[in-house]
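> Sequence and predicted structure are below.
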Amino acid sequence: MELPIVVGVDGSEGSLRALDWAAGEASRSALPLRIVHASLWERYEGVRPTFDTGRPAEQVLAEHLTASAEERARLLHATVRVGAEVVPESAVSALERESGRAAMVVLGSRGRGRIAGMLLGSVSLGLAGRSHCPVVVIPAAGPGVRPEPGRVVVGIGDSGRPTAAARFAFARAAARGGELVAVRAWRCPARETSGRRPPTESPVDTYRRRAERHLDDILAVLDATGSGPVVSRHVVQGPAHQVLIEAAAGAELLVVGVHRSDGRPRPHLGPVNHAVLHYASCPVAVVPDIR
């Protein structure tokens, strides 16, 4: 069964950016695009439309939003199969349900909530922890530098096998005909650098070499045939969130994972995911790795 790319729209500038990105990804991947407007989005974000017509305001808004979004997507990418639906649910509930039968869900980092200064909206933050498929959050503003075409960055953690996030990033880079930048952040505990007797190899060198070997092992399994995208290895000492945010400058996409040992959604994301969702300058994909 061919799963669609789902994009949530609410009429905000951020959702239009998300729609454009999702339409481009659907065209690149030859997948259908499904546009979803949750008619209770305004209640969830804390605002309501103020205009008045002969019909319920939310119905008028929903019909206008979905029709405009469909037309915009078709004008951008004429070959993409586009469908749209209005669902009478809150945004997180609707998109979480959609995520169970989607290739990915795309949405803007902020909707039309009343706290305009928030870096990350309640819908995007809530869905990132609950989705059953990858969630791509599009930043509210464009990047400070022009993205390098096809560049996809992925964080490689401690798992001894390629995670769902690594496989997703690999596929996105391949679809773009671009470059996969695999980032392994590492740190040497302070207590291991304070010994009095000089070892044959410093603890810092030992941890760096371990990180390099781990990354090489993961990539060897990830691209076993050697026919995938060009891969760059970045092994950097420092906090994972900082290393990833810096590596993502100029990228088209940053991919991180969220682990679920019991297979159930986690309403709270870890500190690394929180940081990259708030501060990365490019779109961020949060990919669930269910074990």
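Arrived safely. This structure is a prediction, so every number in the text was calculated from the model and none was measured.

> and A211, what does it touch?
184-186, 235 (C-beta atoms under 8 Å, 6 or more residues apart in numbering). Backbone N, C-alpha and C define where each C-beta goes, glycine included.

> partner residues bridging the residue lying closest to A62 once chain neighbours are set aside?
Leaving out its chain neighbours, the residue that sits closest to A62 by C-beta to C-beta, 6 or more residues apart in numbering is V86, at 4.3 Å. Assessed by DSSP bridges, V86 has beta-bridge partners H37.

> distance of V86 from V36?
Distance of V86 to V36, given as C-beta to C-beta, to the nearest Å: 8 Å.

> Give me the more crowded residue out of those two.
A count of neighbours by other C-beta atoms under 10 Å puts V36 above the other of V86 and V36, at 24 against 18.

> Output the below-cut-off pLDDT ranges for the protein.
Low-confidence segments of the chain (pLDDT under 70): 41-58, 111-121, 142-145, 190-200, 260-268, 291.

> ok, which stretches of it are helices?
13-29, 41-45, 57-76, 91-99, 122-130, 164-176, 203-222, 240-247, 271-279 (DSSP state H).

> got TSV for those helices, with distance to V258 too?
Listed next are the helices of the chain as TSV, based on distance: least, C-beta to C-beta, whole Å:
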stretch	distance to V258
helix 13-29	20
helix 41-45	22
helix 57-76	28
helix 91-99	13
helix 122-130	7
helix 164-176	8
helix 203-222	18
helix 240-247	14
helix 271-279	6
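
> Looking at the ones you listed, spot the one closest to G150.
Nearest to G150, of all the helices of the chain, is helix 164-176, at 3.9 Å by C-beta to C-beta.

> Now do that closest one: everything it contacts.
28-29, 134, 149-156, 162, 179-180, 182, 218, 222-223, 228-229, 252-253, 255-257, 285, 287-290.

> Filter the residues you listed down to the ones in strands?
Of the contacts of helix 164-176, the ones assigned to strands by DSSP state E are 151-155, 179-180, 182, 253, 255-257, 285, 287-290.

> Pull out the buried members of the residues you listed.
151-155, 179-180, 182, 253, 255-257, 285, 287-289 (16 or more other C-beta atoms under 10 Å).
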